[in-house]
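*Asks:* The following comprises the amino acid sequence and a computationally predicted model.
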Amino acid sequence: MENNSQITDSVISVRRVTKVTKGGKRFAFSAFVVSGDKEGRVGVALGRSREVSSAIAKATVRARKKMILVPLKGVTIPYPVIGTHGSARVVLRSAFKGTGVIAGGAVRAIMEALGVKDVLAKSLGSSNPQNVAKATLNALAKLRSASHLARLRNKTINEIARGSHVTPE
């Protein structure tokens, strides 16, 4: 395991939740955190506790454990992809150098933790930050590297790159 010093964490949301008992209300906190190394690994998690700081700490530990590796093409994603979770839908498209992260809320936090500098994103359906974040991770998990696609098709990377454009007959 590598050291966690270069991993960045950002809190997407903190909510106060209530459990009603016969003795009254018990308040707790729910924190949603994204962690990433800015080099293609990212994870999100939820932590719950009676104090805000320990809820964030729990979520951070879980997010670092649940990181996924995402194949990137420089500082953008290799191709357009759509991810869903519940009624949340996220469309991610690669962008030219210098475009920046055109995304909002949870998607922006995930892209910055991932190390993506140029991407176009659109969130459709539910605006719940947790569902949008999970839909974004679902989209990122669908991405495959060129070498992986070449292996699946029993071709070289050059053959796949050459076959991407249509030639007139």
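*Replies:* Looks like it came in fine. Predicted model, so just to flag it, every value in this text is computed and none were measured. Residues are numbered from 1 along each chain as shown.

*Asks:* Could you pull out the buried residues of the helix or strand hosting Ala59?
*Replies:* If you go by DSSP states H and E, Ala59 is part of helix 52-65. The neighbour-count criterion (16 or more other Cβ atoms under 10 Å) identifies 55-64 as the buried residues of helix 52-65. All C-beta spots, glycine's among them, are computed from the backbone N, C-alpha and C.

*Asks:* Flag every buried residue along stretch 102-109.
*Replies:* 103, 105-109.

*Asks:* Over to stretch 43-53?
*Replies:* Within stretch 43-53, the residues scored as buried using 16+ other Cβ under 10 Å are 43-47, 49.

*Asks:* and of those, the nearest to Val119?
*Replies:* Out of the buried residues of stretch 43-53, the one with the shortest distance to Val119 is Val44. That distance is 17.0 Å, counting by Cβ to Cβ.

*Asks:* Contacts only, for that closest one.
*Replies:* 12, 32-35, 63, 66, 110, 133-134, 137 (Cβ atoms under 8 Å, 6 or more residues apart in numbering).

*Asks:* Neighbour-wise, which one of these leads?
*Replies:* With neighbours set by other Cβ atoms under 10 Å, the maximum within the contacts of Val44 is found at Ile110, which has 30 neighbours.

*Asks:* coming back round to it: in strands, which of the buried residues of stretch 43-53 appear?
*Replies:* The members of the buried residues of stretch 43-53 that map onto strands under DSSP state E are 43-47, 49.

*Asks:* of those, closest to Leu120?
*Replies:* Taking Cβ to Cβ as the measure, Leu120 sits nearest to Val44 out of these, at 20.7 Å.

*Asks:* can you list contacts of stretch 65-82?
*Replies:* Judged by Cβ under 8 Å, 6+ apart, the contacts made with stretch 65-82 from elsewhere in the structure are 35-37, 40-45, 89-95, 97, 114-119, 137, 139-146, 148.
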